[in-house]
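Trainee: sequence and computational prediction follow.
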Amino acid sequence: MLSRGVTFWDTENLSPDAVFAIKQDNSNVKVAVSLGGATVNGADVYFSATSVDSWVSNAVSSLTTIIQEYNLDGIDIDYEKFSDENDTDTFTECIGQLITILKANGVISFASIAPFADPPVQSMYQALWQRYSSVIDYVNFQFYGYDDQTTVDQYVEYFDEQVSNYPEGNILASFMTENTNGQISADTGLSACEELKSQDKLFGIFIWSADDSLQEGFTYEIQSQELLAS
């Protein structure tokens, strides 16, 4: 979803009725909408705001409508490209104020951010964290962005690095189930989660993506849930 409040998911399959049915059948399920993303219809998505006040006002209004229509619970911040990579203040205030207002209004119960190991991206999200960590519940760090030569031990080192970058945050391990194209495989990611669990560091697991996992019967999601529950 973009700041103008336009939905870009498959609204035929993920309709308000579908969300209601999922949550009715699974009382512990929470559903969030993600803002930004890398691309939409093949075009890069950039965070861009000329005015903090107008961006926040528009985002609060449009998101409130969408969240209430779909009976959602939270938002995930996944902006990956920025029109001005040096303007951390605007990003920080836009996103920080947005989360703060939505929570204060009772529109959402949780918020997450999804940074990855890229210097401009990290500078944005670490600045946001420094000022607004109190309203951010989860850090869905994209560990699957590292290359396919990454070992389990290296993964754990990367995890520890992000714990330092986002102090006192609930850092989620992550891996992806789609074609990795030179990135960490799902098997390596799951093995790393097992190692983190053995070190009592595993708070949760973020898996990308459900579309790809469906083809395999959500094998990795089931294994991940079993690991977290063990």
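Mentor: The structure has been received and is ready for your questions.

Trainee: where in the chain is pLDDT low?
Mentor: Flagging of the chain using pLDDT under 70 yields the residue ranges 1-6, 180.

Trainee: excluding chain neighbours, give the residue nearest to Ser34 in space.
Mentor: Asp76 (4.2 Å; Cβ to Cβ, 6 or more residues apart in numbering). All C-beta atoms are positioned from the backbone trio N, CA, C, and that covers glycine.

Trainee: state the distance from that neighbour to Asn165.
Mentor: 18 Å (Cβ to Cβ, to the nearest Å).

Trainee: swap in Ser191?
Mentor: 23 Å.

Trainee: ditto for Thr90
Mentor: 21 Å.

Trainee: for the most centrally placed residue in the chain, what are its contacts?
Mentor: Geometric centre of the chain, nearest residue: Ala114, 4.0 Å, by Cα atoms, centre = their mean. Ala114 makes contact with 34, 76-78, 139-142, 206 under the criterion Cβ atoms under 8 Å, 6 or more residues apart in numbering.

Trainee: ok, of those, which one's closest to Ser185?
Mentor: Gln142 (14.8 Å; Cβ to Cβ).

Trainee: surely the closest one touches Phe116?
Mentor: Yes. Taking Cβ atoms under 8 Å as the definition, Gln142 is a contact partner of Phe116 at 3.7 Å.

Trainee: how about the helices in this protein?
Mentor: 16-25, 52-70, 88-104, 119-132, 152-165, 186-198, 210-214, 219-229 (DSSP state H).

Trainee: tell me the bridge partners for Ile113.
Mentor: Counting by DSSP bridges, Ile113 forms beta bridges with Ile77, Val139.

Trainee: I'd assumed Leu128 was in contact with it.
Mentor: Yes. Assessed by Cβ under 8 Å, Ile113 is found in contact with Leu128 at 6.8 Å.

Trainee: spit out the residues that contact those two alike.
Mentor: With Cβ under 8 Å, 6+ apart, Ile113 and Leu128 have common neighbours 77, 95, 136.

Trainee: dump those into a markdown table; add neighbour count and distance to Glu195 as well.
Mentor: Output for those, formatted as a markdown table (neighbours: other Cβ atoms under 10 Å; distance: Cβ to Cβ, whole Å):
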| residue | neighbour count | distance to Glu195 |
| --- | --- | --- |
| Ile77 | 24 | 28 |
| Ile95 | 30 | 32 |
| Ile136 | 21 | 26 |
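
Trainee: from these, which is closest to Leu202?
Mentor: Ile136 (19.1 Å).

Trainee: my guess is that closest one contacts Gln126. True?
Mentor: No. Contact criterion Cβ under 8 Å: Ile136 and Gln126 do not qualify, at 11.7 Å.

Trainee: Gln225: neighbour count?
Mentor: Residues near Gln225, counting by other Cβ atoms under 10 Å, number 12.

Trainee: and if you look at Thr92?
Mentor: 20.

Trainee: from Tyr132, how far off is it?
Mentor: Where Tyr132 is concerned, Thr92 sits at a distance of 7 Å (Cβ to Cβ).

Trainee: again, but for Asn170
Mentor: Counting by Cβ to Cβ - Asn170 and Tyr132 are separated by 15 Å.

Trainee: go on, Asp44?
Mentor: From Asp44 to Tyr132 the distance is 25 Å (Cβ to Cβ).
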